[in-house]
Every structure is written in C-alpha cells, then in structure tokens.
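Structure for this input, please:
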Amino acid sequence: MQDDEQRLYERARKRAQELRSFYSTMVIYVLVNALLFVIDILTGDGLWFYWPLLGWGIGMAIWAFSLFGLGGHLGSDWEERKTRELMERERQRQGR
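Next up is the predicted model:
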C-alpha cells in the first residue's frame with residue numbers, strides 16, 4: 001500500500017513540475033512577444049513581430065497538446081484509464 005502511495009505522489013509531483021514549467025514558459029512567451037510587438041511598432045520597419053509569435057506559438061501549442069491532450073481524451077489520464085480497461089478485459093477473457 002505504501003508503494004502505491006509513493007508512486008501516486010511521484011506521478012503527481014512530476015505532473016505539477018511539468019505544469020509549472022509550462023505556465024512559466026507561457027508567461028515568458030507573452031512578455032517577450034509583447035516586447036517584440038512594441039519594438040516593431042516603435043521602429044516602423046514593417047510588421048515582423050508575428051513571425052516569432054507564430055513560430056514560438058506553434059511550439060507552445062504542441063507542448064500544451066502533449067500536456068493536456070484533446071480535452072483530457074488523450075492525456076496521461078486517458079492512458080491510465082485505457083490501461084486499466086485493457087487489463088480488466090484480459091482478466092475477464094482468462095476467466096478471473
């Protein structure tokens with residue numbers, strides 16, 4: 001029982017660290033791109049701020065998708081539920 005609690009704790013801690021890292025990077029993303037927008041407007045050399053916004057934004061979107069999945073349908077919770085479901089099917093097939 002203690003091992004189960006320890007595993008749950010470690011998984012929850014890892015998830016919390018992943019989320020903290022994502023949210024910290026998101027704040028930096030917003031601040032840096034706001035600064036780039038201001039620099040772009042002040043220099044008046046044509047609009048270019050959206051290129052780093054778009055490139056970095058695609059990376060952030062991929063990261064968000066890997067963390068949160070399709071509304072939880074394909075995230076780590078889904079994987080855990082599916083694993084348990086498949087284990088239960090296998091037990092039933094074996095007559096346990």
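
Can you pull out the low-pLDDT segments for the protein?
Applying pLDDT under 70 to the chain flags the ranges 1, 70-76, 96.

which residue is nearest the centroid of it?
Leu67 (2.3 Å; CA atoms, centre = their mean).

Touching, that one and Tyr23? I think so.
No: counting by CB atoms under 8 Å, Leu67 does not reach Tyr23; the two are 10.0 Å apart. To be clear about C-beta, it is placed using only N, CA and C from the backbone, and glycine gets the same treatment.

Show me which helix runs longest in the chain.
Longest helix of the chain, by residue count under DSSP state H: helix 2-43.

Which strands and helices lie in contact with that one?
helix 50-68 (3 or more CB pairs under 8 Å, 6 or more residues apart in numbering; DSSP states H and E).

ok, now with 10 Å
Packing partners of helix 2-43 (3 or more CB pairs under 10 Å, 6 or more residues apart in numbering; DSSP states H and E): helix 50-68, helix 76-93.

separation between the residue nearest to the centre of the chain and Leu8?
According to CB to CB, to the nearest Å, Leu67 and Leu8 sit 19 Å apart.

ok, now Met26?
Relative to Leu8, Met26 is positioned 27 Å away (CB to CB).

just Gly59 next, same as before
Gly59 sits 31 Å away from Leu8, going by CB to CB.

just Leu54 next, same as before
39 Å.

Quick one: classify the residue sitting furthest away from the middle of the chain as helix, strand or coil.
Going by CA atoms, centre = their mean, the residue of the chain most distant from its centre is Gly95, 39.0 Å out. Under DSSP: H, G, I helix; E, B strand; the rest coil, Gly95 falls in the coil class.

quick one, what contacts it?
Gly95 sits next to no residue when contact means CB atoms under 10 Å, 6 or more residues apart in numbering.

so how far is Leu31 from it?
Distance of Gly95 to Leu31, given as CB to CB: 60 Å.
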